[in-house]
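Colleague: Build me a model from this:
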Amino acid sequence: MAIQPPKHVMDLLLDAICVVDRQGRFLSISGACEAIFGYRPEEMVGRSMLDFLYAEDLDRTLQAVARIEAGYQQRHFENRYVRKDGSLATIEWSARLSECKTHRVAVARDISARQQALPDEALQAAPADAPAAWRLSAAPPALMPPGCAPVPLSAQDYTVLRALADGAHGAQYVTRRSIVKALGEDYLHYDQRRLDTQMHRLRRKIEQASGQRLPVATVRGQGYRVYRRIEVEG
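Modeller: Numbers count the residues shown, from 1 in each chain. Below you'll find the model as predicted:
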């Protein structure tokens with residue numbers, strides 16, 4: 001005979017389990033609601049999730065919602081919420097549409113402390129319970145974020161990501177020189193601004209397509225640090 005855990009056990013969860021309707025209104029929140037958002041569940045239920053969202057993250061959040069509504073399971077999506085005291089909470093979400101398609105179910109985890117502890121771009125190193133690897137495909141060139149559809153890449157995008165994936169093994173960071181070499185350029189005569197522009201466009205492309213940040217942090221003046229596995233296929 002299966003035994004269900006007591007209801008009060010939900011209060012011990014470090015994550016919050018949220019159910020919202022198709023219009024984005026909270027139907028229920030269990031677990032670490034107040035610890036994460038700064039509000040009690042009854043203060044959020046019935047209100048739109050957008051009421052609490054940090055305004056700068058609106059567009060990318062709506063893009064993630066559209067993917068969920070289209071039937072994709074969204075994993076490891078990050079955005080920021082404004083707590084009751086006015087501080088910002090960086091939230092990592094995993095969400096999907098319910099089987100009956102009447103509501104969305106999501107698990108929220110507060111990663112604010114992890115973000116604040118890291119230098120440059122507030123990007124995190126892989127924790128002990130690191131999520132599934134990103135996958136890089138050669139034919140056709142594409143990057144597959146965990147839980148998302150493949151993002152098509154140009155040949156140059158693929159070359160840069162392949163250099164990052166190959167150079168990340170056993171190294172603290174991948175040097176700018178090694179990436180420029182992979183591009184077939186002479187490092188001494190290469191305009192470093194081209195690489196900066198390339199990385200900026202690549203990060204933007206991945207985030208717009210998947211709602212997830214490319215797991216690559218800048219090491220100023222040196223290169224780039226890959227903080228989640230990128231597995232190369234083919």
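
Colleague: This protein: helices as residue ranges?
Modeller: 33-37, 41-44, 58-69, 112-116, 155-167, 176-182, 192-210 (DSSP state H).

Colleague: Going by neighbour count, list what's buried in stretch 79-97.
Modeller: Neighbour-count burial for stretch 79-97 flags 79-83, 89-97 (criterion: 16 or more other Cβ atoms under 10 Å). The C-beta positions use only the backbone N, C-alpha and C, and glycine is treated the same way.

Colleague: now swap in stretch 160-172 and tell me
Modeller: 160-165, 167-168.

Colleague: ditto for stretch 95-111
Modeller: For stretch 95-111, burial by neighbour count (16+ other Cβ under 10 Å) applies to 95-97, 104-111.

Colleague: which residues does the residue lying closest to Ile36 once chain neighbours are set aside contact?
Modeller: Distance criterion Cβ to Cβ, 6 or more residues apart in numbering; nearest residue to Ile36, sequence neighbours excluded, is Asp110 at 4.4 Å. The neighbourhood of Asp110, defined by Cβ atoms under 8 Å, 6 or more residues apart in numbering, consists of 32, 35-36, 89-91.

Colleague: Please give me every residue in contact with the nearest residue to Ala95 once chain neighbours are set aside.
Modeller: Of all residues not flanking Ala95 in the chain, Ala106 sits nearest, at 3.5 Å (Cβ to Cβ, 6+ apart). By Cβ under 8 Å, 6+ apart, the contact list for Ala106 reads 17-20, 93-96.

Colleague: I'd like to know which of the residues you listed is nearest to Gln212.
Modeller: The shortest approach to Gln212 among the contacts of Ala106 belongs to Trp93, at 10.5 Å (Cβ to Cβ).

Colleague: I figured that closest one hits Arg80, correct?
Modeller: No. Checked against Cβ atoms under 8 Å, the pair Trp93 and Arg80 is beyond contact range at 11.4 Å.

Colleague: Could you report the separation of the residue nearest to Gly31 when sequence neighbours are not counted from Thr90?
Modeller: Take Gly31 and drop its neighbours on the chain: the residue closest to it by Cβ to Cβ, 6+ apart is Leu13, 3.5 Å away. Leu13 is 18 Å from Thr90, where distance means Cβ to Cβ, to the nearest Å.

Colleague: Around Val20, how many other residues sit close by?
Modeller: Around Val20 there are 20 other residues, counting by other Cβ atoms under 10 Å.

Colleague: Identify the bridge partners of it.
Modeller: Applying DSSP bridges to Val20 gives these bridge partners: Phe26, Arg104.

Colleague: give the contact list for it.
Modeller: So Val20 contacts 26-27, 49, 103-104, 106 (Cβ under 8 Å, 6+ apart).

Colleague: how does it look with 10 Å?
Modeller: 26-29, 45, 48-49, 65, 95, 103-106 (Cβ atoms under 10 Å, 6 or more residues apart in numbering).

Colleague: Name the nearest residue to Ala209, sequence neighbours excluded.
Modeller: Once flanking residues are discounted, Ala209 sits nearest to Val151: 4.4 Å by Cβ to Cβ, 6+ apart.

Colleague: Tell me the predicted confidence for the closest residue in space to Trp93 that isn't next to it in sequence.
Modeller: Leaving aside its sequence neighbours, Trp93 sits nearest to Phe77 (Cβ to Cβ, 6+ apart; 4.7 Å). Looking at Phe77, its pLDDT stands at 84.
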